[in-house]
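> Got a predicted structure here, sequence first:
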Amino acid sequence: MILEIDNIELSFDGKTILRGVYLKAEKGKVTGILGRNGSGKTSLLNILFGSLSPKYKSIRIDGKLIKSPLFQKNQVAYLPQQRLLTRNMKVGSSLKLFNVDWGTFINDFEHFKPFKNHYTSNLSGGELRLLETYLILNSDKNIILLDEPFSNLAPLYVSKIKDIIAHKKVDKIILLTDHLYEEIVSLSDDLYFLKNGCSKLIYNMEDLESEGYLPINSQQK
Ligand SMILES: Nc1ncnc2c1ncn2[C@@H]1O[C@H](COP(=O)(O)OP(=O)(O)OP(=O)(O)O)[C@@H](O)[C@H]1O
């Protein structure tokens with residue numbers, strides 16, 4: 001399965017945000033997106049999901065043009081940058097909603113054990129992000145979009161989520177962005193950089209320096 005997007009034209013208030021993006025994401029691979037603040041990463045994921053309609057866009061799955069929003073096709077799970085779960089939902093109920101087994105979750109993340117009957121509003125920012133990312137990754141959808149899955153996560157949990165992503169990619173398309181760029185670089189099979197509304201494939205840290213994303217010589221420090 002191959003997901004492609006191009007021919008996008010997105011503007012807000014007369015300012016062009018995206019105009020020359022080409023991105024290809026394949027099953028069996030993790031596709032990373034990096035870019036400075038405001039470069040259009042979230043907008044691109046929203047366009048893919050179907051919750052944002054640009055002036056033009058072309059989204060194809062296995063070469064076939066997709067005209068209706070992807071979320072209507074029931075094929076895609078999206079972790080948005082903002083909160084996913086409502087505040088008055090209990091942790092255990094959120095797992096049930098996503099058909100995720102409590103025992104398996106606790107096996108991976110033991111410290112959630114006492115939280116089964118807690119409201120998600122009582123979780124810390126990192127705990128909530130971890131739970132939401134876990135649920136999206138374990139959904140039965142074959143396209144997974146993750147906007148900043150690592151925000152607020154402690155290093156051990158970043159590492160565990162990376163392991164889950166690497167495991168899940170076998171039969172899913174996984175597209176993600178985060179400002180923990182080293183994690184994105186190490187996790188991604190294909191990596192795109194957004195700048196001036198366009199996308200570019202990135203092959204190494206030096207490319208990120210020359211694009212002005214990283215300070216020059218950042219890798220020697
Ligand atoms: N609904 C909107 N109305 C007006 N401008 C918007 C809207 N949504 C996004 N923008 C602008 O579009 C640009 C791209 O925003 P977007 O959230 O896609 O960037 P991003 O790369 O995800 O940024 P960050 O890394 O800071 O999360 C920004 O300049 C933002 O202010």
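Good, I have the coordinates.
> ok, the most centrally placed residue in the chain - contacts?
The residue lying closest to the centre of the chain (C-alpha atoms, centre = their mean) is Leu146, at 1.6 Å. Counting by C-beta atoms under 8 Å, 6 or more residues apart in numbering, Leu146 makes contact with 79, 133, 136-137, 165, 174-178. (Each C-beta comes from the backbone N, C-alpha and C, glycine too.)
> Show me what counts as buried in the lowest-mean-pLDDT helix or strand in the chain.
The helix or strand of the chain with the poorest confidence is helix 205-210; it has a mean of 91 (mean pLDDT, DSSP states H and E). Neighbour-count burial for helix 205-210, with 16 or more other C-beta atoms under 10 Å as criterion, is recorded at 207-208.
> Stretch 141-154 too?
141-150, 153.
> What of stretch 86-104?
90-91, 94-95, 98, 100.
> thinking again about what came up before, give me the subset of the buried residues of stretch 141-154 that lies in helices.
Under the assignment DSSP state H, the buried residues of stretch 141-154 contribute nothing to helices.
> Show me these that map onto strands.
Of these, the ones assigned to strands by DSSP state E are 143-147.
> for this structure, which spans come out with low pLDDT?
219-221 (pLDDT under 70).
> Which residues does the top strand by length along it contact?
Ordering each strand of the chain by length in residues (DSSP E) puts strand 2-12 first. Contact with strand 2-12 is made by 16-19, 21-27, 40, 43-44, 47-48, 52, 54-63, 143, 173, 175, as judged by C-beta under 8 Å, 6+ apart.
> re earlier: redo the contacts of Leu146 as CSV? Include secondary structure.
Below are those laid out as CSV (DSSP: H, G, I helix; E, B strand; the rest coil):
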residue, secondary structure
Leu79, strand
Thr133, helix
Ile136, helix
Leu137, helix
Ile165, helix
Ile174, strand
Leu175, strand
Leu176, strand
Thr177, strand
Asp178, coil
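> Do I have it right that Pro149 meets Thr133?
Yes: using C-beta atoms under 8 Å, Pro149 is in contact with Thr133, at 4.3 Å.
> can you list residues touching both of those two?
Residues touching both Pro149 and Thr133 by C-beta under 8 Å, 6+ apart: 79, 161.
> Just want the phi and psi numbers for Lys160.
Main-chain torsions, Lys160, degrees, to the nearest 10: phi -70, psi -40.
> Repeat that for the one 4 residues further on.
Per-residue torsions, Ile164: phi -60, psi -40 (degrees, to the nearest 10).
> Against Phe109, how distant is it?
10 Å (C-beta to C-beta, to the nearest Å).
> Report the set of residues contacting both of these two.
Counting by C-beta under 8 Å, 6+ apart, the contacts common to Ile164 and Phe109 are Tyr134.
> Kindly state the beta-bridge partners for Lys15.
Phe12 (DSSP bridges).
> what separates it from the ligand, distance-wise?
Separation of Lys15 from the ligand (C-beta to the nearest ligand atom, to the nearest Å): 7 Å.
> Lys116 now?
32 Å.
> Same check on Asn99?
Relative to the ligand, and taking C-beta to the nearest ligand atom, Asn99 is found at 29 Å.
> for Phe109, same thing?
The gap separating Phe109 from the ligand is 26 Å, by C-beta to the nearest ligand atom.
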